[in-house]
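S.K.: need a 3D model of the sequence below.
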Amino acid sequence: MFRTKSVEQSIRDTEEPDSKLRKDLTAKDLTVFGVAVVIGAGIFTLTARTAGTVAGPAVSLAFVFAAIACGLTALCYAEFASTVPVAGSAYTFAYATFGEVIAWIIGWDLILEFALAVSVVAKGWSQYLGEVLGGLVNPVAHIGSIQFDWGAVLIIAIVGVLLATGTKLSSRVSAIAVAIKLAVIALVLVVGATYFKASNLSPYIPPSQPSDKAQGVHQSMFAWLTGSGGTSFGWYGLLAAASLVFFAFVGFDVVATTAEETRNPQRDVPRGIFGSLAIVTVLYVAVSLILTGMVPYTELASGNATLATAFAIHGATWVKNIISIGALAGLSTVVMVMFLGQTRVLFAMARDGLLPRGLAHTGKHGTPVRLTVIVGMVCALLAGFVDFGTLEEMVNIGTLVAFVLVSLGVPVLRRTRPDLKRGFRVPLVPVVPILAALACLWLMLNLSIETWLRFVLWMALGMVVYFAYSRRHSVLGRRAADTEAVTAPASTETSTLAEAPKLPETSEPNEAARQSETATQG
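M.R.: Numbers count the residues shown, from 1 in each chain. I've put the predicted structure just below:
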């Protein structure tokens, strides 16, 4: 269960002709992917909703707290990705440090994270599609009592075709979409600054208020453990907001999953991770400050408040349409990069035999077409027919668990394999990795109890699958069994010879030799 896969073996596996990914990406492509996946629903919807119902103007500080946790973890991801430039991200890193069963847990965890993220964001894209179409066409069709979100299915299908065609083409499409949404965000900052009033930022951290919605299993794990009960605003609200807006940063780790497809992963992966994280942090803090400075946070208390709500209050309805277009472009790239991350994690697990090996086959474009089709179908069914509700938090807890193990894995691999060439090294080991793990654990504690319960159930299901299938089909396990099978006969033969009776001694040394030669000839 705890057998580890050597870094050298992981790298050798990337050269298998039938499951080889094409190396097309550069540091610029990775930065585009990072910005593409992180700048999405968070900046257009999550900011206003969190400010109005949880943190008030302090939402900008919540983004800073979440960014610190991500930044510390990004250091650890950069070291791993530059040392083990193999698809799979946290799953591959865990296999090299903690062993197979922990790697499986992380892989199973990432499957949940990416599948839900793709489906949830696709439904958000569908909502903005309805706004852009001006209500002329409803992207949600009603078939009897069943609702079918064909808009969400449409974007998943388009993205699936692009990814099957090649990651370089996907990167070019992402670059265009990123340019559109960055232009929209720049417009929001410029126009929003004209309505900015510093008085709206006071009080920066509003007084704590009891929340009827955050009771029972809906309250945070921290509130339940401390007995503080469910509250909004105040310091408890600020900490809860940091855990919520963390969803806005989910996806920067996808950059690490593309290490195997990067021309110079030792140099380009760290640049892509840090570059994208720095850009999005500045944008999130700037937008949240402008938003809460435009209107009092109490006017964003509606659960449906978005970035456009603040402009509508000031009568600048023309900005709303532009924001909808920016959100449509932004969410398109989020779906694409999350989809990419899902297929690459599954690809790595299938190549290791923990999932059926046939799924790791790559086509003429150097992409796992079979996996892309399967992931697209599953996510389309989820997005088309399932109403997720509070399942968005499942993405957060799944990501945070992966972050914790990646952070703790850095000092472990430093101790077990100090000889490895590292393109990037985390400073102050083990202090920085431990701080990263503690920061992520803290954010996890501020998620709701029901999220924890769902996560535990998902992990339990994963362990059933591991013992029923993955453990017996593991390529690493079969290699170990083959090695034992080869060495066992030799050991048995040696033992038999050692226990065989000695020939009787003769006075003529050559007599035994002549008898042996005669027997051989016979």
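
S.K.: and the helices in the stretch 301-450 of the chain, which stretches?
M.R.: Along the stretch 301-450 of the chain, counting by DSSP state H, counting those that start in this stretch, helices occupy 307-313, 317-351, 369-385, 392-416, 431-445, 449-465.

S.K.: out of those, deepest packed?
M.R.: Greatest average neighbour count among the helices of the stretch 301-450 of the chain goes to helix 317-351 (a mean of 25), per mean count of other Cβ atoms under 10 Å. Where you see a C-beta, it was placed from the backbone N, CA and C, and this is true even at glycine.

S.K.: just put the helices of the stretch 301-450 of the chain in JSON lines and tack on distance to residue 188 and mean pLDDT.
M.R.: Formatted as JSON lines, the helices of the stretch 301-450 of the chain follow (distance: least, Cβ to Cβ, whole Å; pLDDT from 0 to 100):
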{"stretch": "helix 307-313", "distance to residue 188": "7", "mean pLDDT": "84"}
{"stretch": "helix 317-351", "distance to residue 188": "7", "mean pLDDT": "85"}
{"stretch": "helix 369-385", "distance to residue 188": "27", "mean pLDDT": "91"}
{"stretch": "helix 392-416", "distance to residue 188": "23", "mean pLDDT": "87"}
{"stretch": "helix 431-445", "distance to residue 188": "27", "mean pLDDT": "90"}
{"stretch": "helix 449-465", "distance to residue 188": "31", "mean pLDDT": "92"}
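
S.K.: so can I have CSV of those helices showing distance to residue 284?
M.R.: Listed next are the helices of the stretch 301-450 of the chain as CSV, based on distance: least, Cβ to Cβ, whole Å:
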stretch, distance to residue 284
helix 307-313, 12
helix 317-351, 13
helix 369-385, 25
helix 392-416, 16
helix 431-445, 16
helix 449-465, 22
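
S.K.: closest to residue 94 out of those helices?
M.R.: Residue 94 lies closest, by Cβ to Cβ, to one member of the helices of the stretch 301-450 of the chain: helix 392-416, at 5.6 Å.

S.K.: point out where the stretch 51-200 of the chain drops to low pLDDT.
M.R.: For the stretch 51-200 of the chain, the stretches flagged by pLDDT under 70 are 135, 167, 169.

S.K.: break down it into its helices, ranges please.
M.R.: For the stretch 51-200 of the chain, the helices defined by DSSP H, counting those that start in this stretch occupy 59-83, 90-97, 100-132, 150-165, 167-193.

S.K.: need the winner for burial among those helices.
M.R.: helix 90-97 comes out most buried of these by mean count of other Cβ under 10 Å, with a mean of 29.

S.K.: what's the distance between residue 221 and residue 182?
M.R.: In this view, residue 221 and residue 182 are 36 Å apart by Cβ to Cβ, to the nearest Å.

S.K.: then residue 90?
M.R.: Per Cβ to Cβ, residue 90 is found 28 Å from residue 182.

S.K.: now residue 372
M.R.: As judged by Cβ to Cβ, residue 372 and residue 182 stand 28 Å apart.

S.K.: equivalent analysis for residue 118, please.
M.R.: For residue 118, the distance to residue 182 - Cβ to Cβ - is 22 Å.

S.K.: can you check residue 99 too?
M.R.: Separation of residue 99 from residue 182 (Cβ to Cβ): 42 Å.

S.K.: and if you look at residue 378?
M.R.: From residue 378 to residue 182 the distance is 31 Å (Cβ to Cβ).

S.K.: over to residue 282?
M.R.: Distance, residue 282 to residue 182, by Cβ to Cβ: 12 Å.

S.K.: same question for residue 67.
M.R.: Using Cβ to Cβ, we find residue 67 at a distance of 18 Å from residue 182.

S.K.: same check, this time on residue 240
M.R.: Using Cβ to Cβ, we find residue 240 at a distance of 29 Å from residue 182.

S.K.: for the closest residue to residue 107 other than its chain neighbours, list the residues it contacts.
M.R.: Excluding its sequence neighbours, the residue lying closest to residue 107 (Cβ to Cβ, 6 or more residues apart in numbering) is residue 91, at 4.0 Å. Applying Cβ atoms under 8 Å, 6 or more residues apart in numbering, one finds that residue 91 lies in contact with 103, 106, 107, 110, 345, 348, 349.

S.K.: tell me which stretches of the stretch 201-350 of the chain form strands.
M.R.: Here the stretch 201-350 of the chain has its strands, by DSSP state E, counting those that start in this stretch, at 209-210, 231-232.

S.K.: among those, which is the most enclosed?
M.R.: strand 231-232 (a mean of 20).

S.K.: now it: mean pLDDT?
M.R.: Strand 231-232 shows a mean pLDDT of 71.

S.K.: what of stretch 30-42?
M.R.: 76.

S.K.: one more: stretch 470-479?
M.R.: 89.

S.K.: report the buried residues of it.
M.R.: Neighbour counts using 16 or more other Cβ atoms under 10 Å place 470, 471, 474, 475, 476, 477 of stretch 470-479 among the buried residues.

S.K.: doesn't residue 446 make contact with residue 240?
M.R.: Yes - applying Cβ atoms under 8 Å as the test, residue 240 and residue 446 come out as touching, 5.0 Å apart.

S.K.: give me the more crowded residue out of these two.
M.R.: Ranked by neighbour count (other Cβ atoms under 10 Å), residue 240 and residue 446 place residue 240 first, with 29 against 20.

S.K.: who does residue 147 bridge with?
M.R.: Using DSSP bridges, the beta-bridge partners of residue 147 come out as residue 142.

S.K.: any idea how far the residue nearest to residue 107 is from residue 328?
M.R.: The span separating residue 91 from residue 328 equals 32 Å under the rule Cβ to Cβ.

S.K.: neighbours around residue 141, how many?
M.R.: Residue 141: 13 neighbours (other Cβ under 10 Å).

S.K.: report the contact partners of the residue lying closest to it once chain neighbours are set aside.
M.R.: Excluding its sequence neighbours, the residue lying closest to residue 141 (Cβ to Cβ, 6+ apart) is residue 148, at 4.7 Å. Contact partners of residue 148, counting by Cβ under 8 Å, 6+ apart, are 140, 141, 142, 384, 385.

S.K.: then residue 382?
M.R.: Taking Cβ under 8 Å, 6+ apart as the test, what residue 382 contacts is 115, 116, 119.

S.K.: of all those, which comes closest to residue 441?
M.R.: Nearest member of the contacts of residue 382 to residue 441, counting by Cβ to Cβ, is residue 116, at 21.1 Å.

S.K.: using CSV, write out the CA atom coordinates for stretch 186-198.
M.R.: Output of stretch 186-198 as CSV, limited to C-alpha atoms (Å, rounded to 0.1, in the frame of the first residue of the first chain):
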residue,chain,number,x,y,z
ALA,A,186,-9.8,47.0,-16.7
LEU,A,187,-13.0,48.8,-17.8
VAL,A,188,-14.7,47.8,-14.5
LEU,A,189,-11.8,49.3,-12.5
VAL,A,190,-11.7,52.5,-14.5
VAL,A,191,-15.5,53.1,-14.5
GLY,A,192,-15.9,51.9,-11.0
ALA,A,193,-13.3,54.3,-9.7
THR,A,194,-15.5,57.2,-10.8
TYR,A,195,-18.2,56.1,-8.3
PHE,A,196,-15.7,55.2,-5.5
LYS,A,197,-16.3,56.7,-2.0
ALA,A,198,-14.0,55.9,0.8
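
S.K.: list the contacts of it.
M.R.: Stretch 186-198 has contacts (Cβ under 8 Å, 6+ apart) with 286-287, 290-291, 293-295, 307, 310-311, 314, 316, 319, 322-323.
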